[in-house]
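Engineer: Sharing a model that was predicted from the sequence below.
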Amino acid sequence: MLHSIILGEGQPFLILHGFLGMADNWKTLGRKWSEDGFQVHLIDQRNHGRSLHSDEFNYSLMAQDIKEYCDEHELKNIILLGHSMGGKVAMRFAAENESYLDKLIIADIAPKVYPPHHSDIINGLKSIDFDKVSSRNDADEMLEKVISDFGTRQFLLKSLYRVEKGRYGWRFNLDILGESQEKVGVHDPITTPIKTPTLFIRGGKSGYILDSDVMIIEHAFAKAELKTIENAGHWLHAEKPQEFLTYVTKFVK
């Protein structure tokens, strides 16, 4: 049901990508943790990467996907890391299936509601005319007209693939994800505090986790700690990989 890349042997360490991302985004860091004695599972969530395309998008359903994945692979005592949307899924999974967890890492997202803010990117992706795309450079040139930031385009272009000879497409389910933008920022209340040791990591320049969010984090997660990576934005793991690696490795060991 869910496609994954599995690296190494040891305690299960599951990684959930963000909105419009995929498992491949985490390969470099995943290899590092696999070399440290963990069995790393880089997971494509539904409607992303090589996993199933579905007409549904909600966090309880996506958390259930992760539970079924754990059951299928007989995974217990897991470490679960989620970035952005993946962090929302990880928090929902923790609320519903805490007995599966050993430790939890949430990257640059808080247990609160965020207003929709992906419309420019969705519109940019929808503007691509694949009848006129014969290479990755063609797609990049079209995207550049609507998305000026180079890093954002490179992130999105990781999901570009050759559907067939001479024909390209997106691995994510753009239609459903575009329709579900208002659901990406929702937060289902966590009524019983989660006791699993939890590390929140934020980018100092991101703005996704504010100082004022510390209280709601501590209310929902009884054993939470917060670390800040200075001069990093929302894609903190890509912008400052060594700092991110250091914080997570220290926490999981």
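Structural biologist: Alright, I've got the coordinates.
Engineer: which other helices and strands contact the longest helix along the chain?
Structural biologist: Longest helix in the chain, counting residues (DSSP state H): helix 59-72. Counting contacts by 3 or more Cβ pairs under 8 Å, 6 or more residues apart in numbering; DSSP states H and E, helix 59-72 is packed against strand 11-16, strand 38-43, helix 85-96. Quick note: C-beta positions are derived from backbone N, CA and C, even for glycine.
Engineer: would you list these in CSV and tack on distance to residue 110 and mean pLDDT?
Structural biologist: Listed next are the helices and strands packed on helix 59-72 as CSV, based on distance: least, Cβ to Cβ, whole Å; pLDDT from 0 to 100:
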stretch, distance to residue 110, mean pLDDT
strand 11-16, 16, 98
strand 38-43, 22, 98
helix 85-96, 9, 98
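Engineer: Can I get the ones you listed in JSON lines including mean neighbour count?
Structural biologist: Shown next, in JSON lines, are these (neighbours: other Cβ atoms under 10 Å):
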{"stretch": "strand 11-16", "mean neighbour count": "25"}
{"stretch": "strand 38-43", "mean neighbour count": "25"}
{"stretch": "helix 85-96", "mean neighbour count": "25"}
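Engineer: which one of the ones you listed lies closest to residue 60?
Structural biologist: helix 85-96 (6.1 Å; Cβ to Cβ).
Engineer: Can you say which of the helices and strands packed on helix 59-72 is nearest to residue 166?
Structural biologist: Closest among those, using Cβ to Cβ: strand 38-43, at 29.6 Å.
Engineer: partners of the closest one in the sheet?
Structural biologist: Applying DSSP bridges, strand 38-43 is found paired with strand 4-7 (antiparallel), strand 11-16 (parallel).
Engineer: Could I get the CA-only coordinates of the shortest one as PDB?
Structural biologist: If I follow you right, that is strand 4-7. What follows is strand 4-7, C-alpha atoms only, in PDB (Å, rounded to 0.1, in the frame of the first residue of the first chain):
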ATOM      1  CA  SER A   4       9.200   2.600   1.100                       C
ATOM      2  CA  ILE A   5      13.000   2.500   0.900                       C
ATOM      3  CA  ILE A   6      14.500   0.400   3.700                       C
ATOM      4  CA  LEU A   7      18.100   0.900   4.700                       C
END
